[in-house]
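Asker: can't give you the sequence, but here's the structure:
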């Protein structure tokens, strides 16, 4: 209890107040004491302002209202994948209004615009979804191959099962290998690293 409120209470008790005034004072003090943990939890999630701003990303309507209402209770989207989350592997997908996994495999990063994983900038995206190591004509660290799509990537061997191709998707689909490309100079499927 705050010191000034305590002083006020003792003065009230020390004077000849009516029972009604005394009960009213005690009732409001007791009510405040009982509600304090809930109020401090909601507002104490000082993220309430952050959560409200987060919820405003949702289209106006029921979903936005539910988000704000849940945030005031310490739950919902804001606490699952918004500013109040403690889970680093979920992100908010604005296009769907849902939480999605932001965990990506090696060589990929999460793109909030597509709500999915894409090749990190230092890699070359291939038709099968694989992220290849790029190479230059002066590269001597790998076997540089130009794909039928014009990408220059590091290759590492041939796919013996299905060697003839016209496009990289022939290798991806025919060989069931996301890291396969069609070499433009050889017309055969190659594995990339």
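Answerer: Thanks, I have the structure now. Source: prediction; values computed, not measured. Numbers count the residues shown, from 1 in each chain.
Asker: contacts, neighbours, all on C-alpha from now
Answerer: OK.
Asker: Now for the closest residue in space to residue 191 that isn't next to it in sequence, how many residues are close by?
Answerer: Once flanking residues are discounted, residue 191 sits nearest to residue 180: 4.6 Å by Cα to Cα, 6 or more residues apart in numbering. Residue 180 has 32 neighbours, counted by other Cα atoms under 10 Å.
Asker: same check, this time on residue 62
Answerer: Residues near residue 62, counting by other Cα under 10 Å: 10.
Asker: For it, list the residues it contacts.
Answerer: Shown in contact with residue 62 (Cα atoms under 8 Å, 6 or more residues apart in numbering): no residues.
Asker: just checking, the residue nearest to residue 191 touches residue 174?
Answerer: No: with contact defined as Cα atoms under 8 Å, residue 180 does not count as touching residue 174 (9.9 Å).
Asker: Pop the domain breakdown of the chain in here.
Answerer: Domain ranges of the chain: 3-44, 47-106+109-119, 122-192, per automatic domain parsing.
Asker: Give me the pLDDT for the residue most central in space within the chain.
Answerer: The C-alpha lying nearest the average C-alpha coordinate of the chain belongs to residue 91 (Cα atoms, centre = their mean; 1.3 Å). On pLDDT, residue 91 comes in at 92.
Asker: Secondary structure element for the residue nearest to residue 85 when sequence neighbours are not counted, which one?
Answerer: Leaving aside its sequence neighbours, residue 85 sits nearest to residue 79 (Cα to Cα, 6+ apart; 4.4 Å). For residue 79, the element it lies in under DSSP states H and E is helix 77-81.
Asker: Buried deepest among the domains of the chain, which one?
Answerer: Scoring the domains of the chain by mean neighbour count under mean count of other Cα atoms under 10 Å gives domain 122-192 as the most buried, with a mean of 19.
Asker: so how far is that one off the chain centroid?
Answerer: Mean C-alpha position of domain 122-192 versus that of the full chain (Cα atoms, centre = their mean, to the nearest Å) differs by 32 Å.
Asker: how long is that domain end to end?
Answerer: Domain 122-192 has an end-to-end distance of 15 Å (criterion: Cα to Cα, to the nearest Å).
Asker: do stretch 177-192 as well
Answerer: Terminal residues of stretch 177-192 are spaced 10 Å apart (Cα to Cα).
Asker: Go through the protein and flag its longest strand.
Answerer: What stands out as the longest strand in the chain, according to DSSP state E, is strand 152-158.
Asker: And the contacts of that strand?
Answerer: Against strand 152-158 from outside (Cα under 8 Å, 6+ apart): 124, 132-136, 142-147, 188-193.
Asker: among those residues, which are in strands?
Answerer: 124, 132, 143-146, 189-192.
Asker: so can I have TSV of the residues you listed showing distance to residue 157?
Answerer: Converted to TSV, those look like this (distance: Cα to Cα, whole Å):
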residue	distance to residue 157
124	18
132	14
143	9
144	11
145	11
146	14
189	9
190	6
191	6
192	8
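Asker: Now for those: which two are most distant?
Answerer: Taking Cα to Cα as the measure, those span a maximum distance of 17.1 Å, between 124 and 189.
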